[in-house]
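Peer 1: Pasting the sequence and the predicted model now:
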Amino acid sequence: MIRTSGLVAGYGKLKVLFNVNFSADAGRITVVVGPNGAGKTTLLNSIMGLATIHDGRVLFQDQDITGWPPHKTSKLGLSYVPQMGNVFSNLTVEENLRVAGYLLDRDRFLDRLALVYEMFPVLKSFRYRRAGTLSGGERRMLAIGMGLMKEPKAMLLDEITTDLAPILVKKVLEKVVELRDQLRLTVVLVEQYAIRALQIAERAYLLVSGVVRYEGNPQDLLSHREFSKLYLGIS
Ligand SMILES: Nc1ncnc2c1ncn2[C@@H]1O[C@H](COP(=O)(O)OP(=O)(O)OP(=O)(O)O)[C@@H](O)[C@H]1O
Ligand SMILES: [Mg+2]
């Protein structure tokens, strides 16, 4: 569903990704792992239209979207949950969801809101609370909920479990599985410490210094002697 071929991308003149061939299949979870500065966020930015493409192609459902700006890629059905600063602290939970769904007419907005509240009951019970008062885990749920308000076909999730306690990591990843299994969404999940994420995924990529070092089965990456030790913290 999402594909890059020979992608060279960065910011302005700077090149961060080199000849990246990436693909995420429809209705599957694809995980991208790699150390700080490897270019994981830049890969998502390149797909969404937030990075400079120097060479190569970005395809969405076989349509060439290379260099399309973010407002166009999101209209196609791509929804991005960015790594940081993704909720408005001064707005209530429901106001955040309203902002995220501003393009929808009233009926579709209410349908989506109901879906988000059904999937995240905690957001419903906190609908009138300011987002700034939510816990870290609740905030990640809100960020995913905001992504869902855009009626996406595919969601790009950037480090949504970072800094969460293990129990919350588990909860958030269970929601990611629901996105796949109940909503049939295509998911690209970027994670730095990714053992759990790899366990729920169908496909994995390891990015190091802007280059794909591994692509394939997540289980094989988990049991890869060198990579799992160097990049996944498995000894
Ligand atoms: N907006 C930007 N302008 C210039 N350089 C940037 C920008 N964003 C990122 N970079 C640089 O691009 C490189 C890759 O960054 P990127 O954010 O893609 O890495 P990452 O794999 O997501 O890392 P992390 O795990 O820390 O989030 C880094 O060297 C970073 O400094
Ligand atoms: Mg990043």
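Peer 2: Nice, thanks for sending it over. Ligands and ions are numbered 1, 2, ... in the order given.
Peer 1: make it CA atoms for all contacts and neighbour counts henceforth
Peer 2: Noted.
Peer 1: distance of Leu123 from Gln63?
Peer 2: Shown here: Leu123 relative to Gln63, a distance of 35 Å by CA to CA, to the nearest Å.
Peer 1: swap that for Asn217, please
Peer 2: For Asn217 relative to Gln63 (CA to CA), the value is 26 Å.
Peer 1: can you check Leu44 too?
Peer 2: For Leu44, the distance to Gln63 (CA to CA) stands at 17 Å.
Peer 1: Can you tell me the closest non-neighbouring residue to Arg203?
Peer 2: Thr30 (4.8 Å; CA to CA, 6 or more residues apart in numbering).
Peer 1: and the helix or strand where the one you found lies, what's its mean pLDDT?
Peer 2: Taking DSSP states H and E as the criterion, Thr30 maps to strand 29-33. What strand 29-33 shows for mean pLDDT is 97.
Peer 1: can you give me the offset of the helix or strand following that strand from its chain's centre?
Peer 2: Next in sequence after strand 29-33, counting helices and strands by DSSP H and E, comes helix 40-48. Computed by CA atoms, centre = their mean, to the nearest Å, the separation of helix 40-48 from the middle of its chain amounts to 10 Å.
Peer 1: Could I get the average pLDDT for the following helix or strand past helix 40-48?
Peer 2: Sequence-wise, the next helix or strand downstream of helix 40-48 (DSSP H and E) is strand 52-60. Mean pLDDT, computed over strand 52-60, is 98.
Peer 1: Now strand 52-60: buried residues?
Peer 2: For strand 52-60, a neighbour-count test (16 or more other CA atoms under 10 Å) marks 52-54, 56-60 as buried.
Peer 1: For Ile195, which residues are in contact?
Peer 2: Counting by CA atoms under 8 Å, 6 or more residues apart in numbering, Ile195 touches 222, 232.
Peer 1: Could I get the phi/psi values of it?
Peer 2: Phi and psi for Ile195, reported as degrees, to the nearest 10, are phi -60, psi -50.
Peer 1: Which pLDDT value goes with it?
Peer 2: Ile195 is assigned a pLDDT of 90 by the prediction.
Peer 1: measure it to ligand 1 for me?
Peer 2: Distance of Ile195 to ligand 1, given as CA to the nearest ligand atom, to the nearest Å: 15 Å.
Peer 1: how near is that residue to Gly210?
Peer 2: Ile195 is 21 Å from Gly210, by CA to CA.
Peer 1: How about the secondary structure of Thr161?
Peer 2: Secondary structure assignment for Thr161 (DSSP: H, G, I helix; E, B strand; the rest coil): coil.
Peer 1: For it, which residues are in contact?
Peer 2: Counting by CA under 8 Å, 6+ apart, Thr161 has contacts 140, 168-169, 172-173, 191.
Peer 1: same deal with Ala100?
Peer 2: By CA under 8 Å, 6+ apart, the residues touching Ala100 are 146-147, 149-150.
Peer 1: Please repeat the previous calculation with a cut-off of 6 Å.
Peer 2: 146, 149 (CA atoms under 6 Å, 6 or more residues apart in numbering).
Peer 1: does Val8 have beta-bridge partners, and which?
Peer 2: Asp55 (DSSP bridges).
Peer 1: Local confidence estimate at the spatially closest residue to Ile53 that is not a sequence neighbour?
Peer 2: In space, and not counting its chain neighbours, Ile53 is closest to Ala9: 4.4 Å by CA to CA, 6+ apart. Ala9 is assigned 98 on the pLDDT scale.
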